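1. Build me a model:
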Amino acid sequence: MAKKKDARVAVILECTSCIQNGVKRVSTGISRYITQKNRHNTPNRLELRKFCPYCYKHTIQGEIKK
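-> Presented below is the predicted three-dimensional model:
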């Protein structure tokens with residue numbers, strides 16, 4: 001039987017301002033969230049505004065590649 005492609009996929013969101021500022025991943029870390037998106041309704045990369053505990057403010061969290 002063929003494998004069914006689900007519409008919902010799990011994605012990882014990572015803080016974009018931590019990456020731009022060059023925060024070291026080992027010492028302080030980078031904020032990451034795990035969420036789901038519908039592949040058919042949102043084919044592009046997902047960007048949400050969420051709280052980053054390392055920046056201490058709400059920043060844009062962008063989808064990263066697994």
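2. pLDDT weak spots in the protein?
-> For the chain, the stretches with pLDDT under 70 are 1-4, 20, 22-29, 66.
3. Find the residue at the geometric middle of it.
-> Nearest to the mean C-alpha position of the chain, by CA atoms, centre = their mean, lies Leu13 at 0.8 Å.
4. Look up the closest residue to that residue, ignoring the ones flanking it.
-> Take Leu13 and drop its neighbours on the chain: the residue closest to it by CB to CB, 6 or more residues apart in numbering is Gln61, 3.8 Å away. C-beta coordinates here come from the backbone N, C-alpha and C atoms, glycine included.
5. picking up where we left off before, from memory the residue nearest to the centre of the chain sits against Ile60, does it?
-> No. Using CB atoms under 8 Å, Leu13 is not in contact with Ile60, being 9.2 Å away.
6. overlap in contacts of the two?
-> Glu47, Leu48 (CB atoms under 8 Å, 6 or more residues apart in numbering).
7. in this protein, which spans are helices?
-> Using DSSP state H, the helices of the chain run over 16-20.
8. ok, back up a step: and the residue nearest to Leu13, what does it touch?
-> Gln61 makes contact with Leu13, Glu14, Cys15, Thr16, Ser31, Tyr33, Glu47, Leu48, Arg49, Lys50, Cys52, according to CB under 8 Å, 6+ apart.
9. now do 10 Å
-> Counting by CB atoms under 10 Å, 6 or more residues apart in numbering, Gln61 makes contact with 12-18, 31-33, 35, 46-52.
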